[in-house]
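Participant: below is the structure, and that's it, no one-letter string:
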């Protein structure tokens, strides 16, 4: 399946391959699609979190911060 990119974007991919960042054009495109998928998943999770808070299901920020610090063993003053 062919993909049509703007000349600028095509040049970026060619530079990444020529610079050794990716060994082939398809690897660069696959990586870009993976990043887009991750971004879409993050946006969906943030939207769900906001909707949850609007429904009153959230917890206070201070409590969430305490839980995260405890879970990841981060000192309170860090």
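Facilitator: Received it, and whenever you're ready, just let me know what you need. Computed from a prediction, not measured in an experiment: that's the story for all the values here.

Participant: helix or strand: which one has residue 40?
Facilitator: helix 25-54 (DSSP states H and E).

Participant: pull the distance from that helix to the chain's centre.
Facilitator: 5 Å (C-alpha atoms, centre = their mean, to the nearest Å).

Participant: report all helices and strands that the helix or strand just after that helix contacts.
Facilitator: Once the chain leaves helix 25-54, the next helix or strand it forms, by DSSP H and E, is helix 61-71. Of the remaining helices and strands, none touches helix 61-71 by 3 or more C-beta pairs under 8 Å, 6 or more residues apart in numbering; DSSP states H and E. The C-beta positions use only the backbone N, C-alpha and C, and glycine is treated the same way.

Participant: chain center to helix 61-71: distance?
Facilitator: For helix 61-71, the distance to the chain centre is 22 Å (C-alpha atoms, centre = their mean).

Participant: and the helix holding residue 40, which residues are buried?
Facilitator: Buried residues in helix 25-54, counted by 16 or more other C-beta atoms under 10 Å: 28, 32.

Participant: what packs against it?
Facilitator: Going by 3+ C-beta pairs under 8 Å, 6+ apart, helix 25-54 lies up against helix 7-18.

Participant: not counting the helix it packs on itself, show me its contacts.
Facilitator: 5, 22, 23, 24, 25, 27, 28, 29 (C-beta atoms under 8 Å, 6 or more residues apart in numbering).

Participant: next, the buried residues of that helix.
Facilitator: 13, 16, 17.

Participant: could you redo the residues you listed as CSV and give each row distance to residue 57?
Facilitator: As requested, the buried residues of helix 7-18 are exported to CSV (distance: C-beta to C-beta, whole Å):
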residue, distance to residue 57
13, 43
16, 43
17, 47
